[in-house]
Structure formats: structure tokens, C-alpha cells
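K.L.:
Got a sequence here, can you build the structure:
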Amino acid sequence: MSRTCQVLGTTPGFGNAVSHSHRKTKRRWDVNVQKKRYWVPSLGRTITLTLSARGIKTIDKRGIEAVVADMRARGEKF
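P.N.:
Numbers count the residues shown, from 1 in each chain. Sure thing, here's the model as predicted:
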């Protein structure tokens, strides 16, 4: 599963883990994603989205209808 938020499009960040002796090894910072189900009245069904914590807050603020409309405009499938 790709660690990507469907609402915001956030992807993992990459960089170096730096030890005490300053040896650098590659690492990645994964997005905090969770599967969440929402009832969408306009579709008449529930949809399951893979969301980051910030994406969940975005839906709480704007509403699921507005977020689904934006996702449809982008051509996202769910």
C-alpha cells in the first residue's frame, strides 16, 4: 500500500538518519495514514478513504461533500 493521503496527496519524506558519529544512512518519514469510512449522502453509499491525520481534520472542517467534489474534479476514484 502506498503511504499517500487521498485528500491532500501527501507522500513520504526522504532524508538521512544521522548517528552520533555523523554517519548518514537513508531513511523515510512515512505519512500517518489510516483507512476511514464515510457516508456520502449525494452518492447514497459509504466510501473508504486512505487519509492522513491532517486529511481527517480537513474533512471535519470542510465536510465530506466538499472534499468528495474536489476529488471528483481531480478524477480520483474511490
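
K.L.:
ok, now which ones touch the residue in the chain sticking out farthest from the centre?
P.N.:
Most distant from the centre of the chain: residue 21, at 35.1 Å, with distances by C-alpha atoms, centre = their mean. Neighbouring residues of residue 21 by C-beta atoms under 8 Å, 6 or more residues apart in numbering: there are none. Glycine gets a C-beta too; all of them are placed from N, C-alpha and C.

K.L.:
Likewise for the one 4 residues further on?
P.N.:
Under the criterion of C-beta under 8 Å, 6+ apart, the neighbours of residue 25 are 16-17, 19.

K.L.:
Do you know the pLDDT at it?
P.N.:
At residue 25, the model reports a pLDDT of 98.

K.L.:
Could you report the separation of it from residue 11?
P.N.:
20 Å (C-beta to C-beta, to the nearest Å).

K.L.:
Then residue 28?
P.N.:
10 Å.

K.L.:
same question, residue 19
P.N.:
26 Å.

K.L.:
between these two, which one's more packed in?
P.N.:
residue 11 (13 against 9; other C-beta atoms under 10 Å).

K.L.:
that's a helix at the more buried one, yeah?
P.N.:
No - counting by DSSP: H, G, I helix; E, B strand; the rest coil, residue 11 falls outside a helix, being coil.

K.L.:
Excluding chain neighbours, what is closest to it?
P.N.:
residue 4 (5.3 Å; C-beta to C-beta, 6 or more residues apart in numbering).

K.L.:
Quick one: neighbours of the one you found, just the number.
P.N.:
Using other C-beta under 10 Å, residue 4 has 15 other residues around it.

K.L.:
Brilliant, that's me finished.
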